[in-house]
Every structure is written in structure tokens, then in C-alpha cells.
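1. Next comes the sequence, and after it the predicted model I'd like to discuss.
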Amino acid sequence: MIYSVRGKLILRETELAVIECGGVGYACRTTLQTLASLGEKGSEVTLYTHLHVREDCMELFGFATKQELNCFKMLISVSGVGPKAALSILSDVNSEQFALLVASEDSKTLTKTKGIGAKTAQRIVLELKDKIVKENNIDFSAAAGGPAIPASDGSSVSEAFSALLVLGYTQSEVAPVLAGLDQRLPSAELIRQSLKIMAQKMN
């Protein structure tokens, strides 16, 4: 409904940024990661948004990047995970780190976030990794008809592949980029280099 807001930052508080657009102040709930990336009060900023509707209220959530917004949407799709818990997780880890945690099935790190217990963390990893595979109809043996991507075997390449899908990229975008990188690199570095290459292609 509201894809993004662009305007002057008039208020910044814990988990809240208010952006004035055309004389209207939009209160956006957000993460510490996004708040840290915003400029000083009065600077012009852009936030990608999600309007969360409940029976008793409507809340607008805003994020500095599309990747963080995508992670937020995926988190609140998990049963038992609400917007507040999603913000807490994405305040503790950035979107790339979160995607890697899901891809590597590291639920233990997620429990370091206040309010996230072991069962909830395990559910996040299980539901989101399974969802990524199902929604993208992933064929690891021949991704996008191009270079072979190793099966989900815990290798750095397969972890990077899954993590980039969590961030919202498609199978056909990711496979050729990963195939051109040094397969011996750790997953975090593969993700970093892939994001840089794909960002350059978009410009």
C-alpha cells in the first residue's frame, strides 16, 4: 500500500523514526540498524515500508534497505513471531547476518535476542529455510539452468546461495554471480561480493 516514504527526518527515538513528507509526519517503527544509518535530524532520508494491519490498530514499519524489509516480512510470516520480535532480531543482526543464520541453520545465535527462545529460533530457521526452497523451486544441481550450485550440504556456496534468496534475490540472479566467484571463500565473503556485484548491475 505504501511502498516507501522520502522526506525530512524530524524525530528519531528508540525503534522509531518520523519522516515528514508533504507536511505529513509518518511514524515508522524500525530497527537499531536502520536508525544508525540515518543522518542527523533535518536530513532527507528514504525508508522502504510495510503497513501492518491489526483489528485494533495500523502500524507503519520502515527500513533503510529493501533487504532488511524483506527479512522483516519473512520473520513476521513465521507463526508466533510478531513485528516487535522481528524488529528485535533485526536490531541485533543486520539483514546479511540474519540471512546467513537461516541458511546455515544457526538457531542458537537467534536466541541471544531478548524474548527469542530456543523453540521460536528453531521455528524461524525451519520455516524460513523451507519456505525459501519451496517458493523458489530450487534445483541446486542446476540452478537457473546455469552453473551448478552444490546441494544444501552446509558448504559455503550453498549457504551463500540460500542467504541471498532470503534477502529477496532470485535464483536466476544469484546462480551466475556465485559461479563467477572463488568457491573456496567463506559464505560471508561470498555474500558480500555477490551483493556488491548485483548492486553494480542495477546501477
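-> Noted; the coordinates are in hand.
2. So residue 18 lies in a helix, does it not?
-> No. According to DSSP: H, G, I helix; E, B strand; the rest coil, residue 18 belongs to no helix; its state is strand.
3. Go ahead and confirm residue 117 touches residue 111.
-> Yes. Under the criterion of CB atoms under 8 Å, residue 117 makes contact with residue 111 at 6.5 Å. Quick note: C-beta positions are derived from backbone N, CA and C, even for glycine.
4. Would you mind telling me which of the two has the busier surroundings?
-> residue 111 (15 against 12; other CB atoms under 10 Å).
5. That one contacts residue 118, correct?
-> Yes. In terms of CB under 8 Å, residue 111 counts as a neighbour of residue 118; the distance is 5.5 Å.
6. Name the residues of stretch 168-178 that are buried.
-> For stretch 168-178, a neighbour-count test (16 or more other CB atoms under 10 Å) marks 168-169, 171, 173-175, 177-178 as buried.
7. what's the closest of the residues you listed to residue 124?
-> residue 168 (16.8 Å; CB to CB).
8. Could you grab the helix/strand/coil label for the closest one?
-> Going by three-state DSSP: residue 168 is coil.
9. now it, nearest residue through space, not along the chain?
-> Nearest residue to residue 168, sequence neighbours excluded (CB to CB, 6 or more residues apart in numbering): residue 70, at 3.9 Å.
10. Which segments of the chain make up each domain?
-> 4-63, 79-203 (automatic domain parsing).
11. tell me the most buried of these?
-> Compared across those, domain 79-203 shows the largest average neighbour count, a mean of 17 (mean count of other CB atoms under 10 Å).
12. residues in contact with the residue nearest in space to the middle of the chain?
-> The residue lying closest to the centre of the chain (CA atoms, centre = their mean) is residue 71, at 2.9 Å. Contact partners of residue 71, counting by CB atoms under 8 Å, 6 or more residues apart in numbering, are 90, 95, 98-99, 166-167.
13. Remind me which helix or strand it belongs to.
-> Applying DSSP states H and E as the criterion places residue 71 in helix 66-76.
14. Quick one: low-confidence residue ranges for the protein.
-> 133-154, 202-203 (pLDDT under 70).
15. for it, what spans make up the helices?
-> 32-37, 66-76, 83-92, 95-103, 107-110, 118-136, 156-166, 171-179, 187-202 (DSSP state H).
16. Check which helices and strands the longest one sits against.
-> Applying 3 or more CB pairs under 8 Å, 6 or more residues apart in numbering; DSSP states H and E, one finds that helix 118-136 makes contact with helix 66-76, helix 95-103, helix 107-110, helix 156-166.
17. which residues are contacting it?
-> By CB under 8 Å, 6+ apart, the list of residues contacting helix 118-136 reads 74-75, 77-81, 85, 101-103, 105-108, 110-111, 138, 152, 162, 165-166, 170-171.
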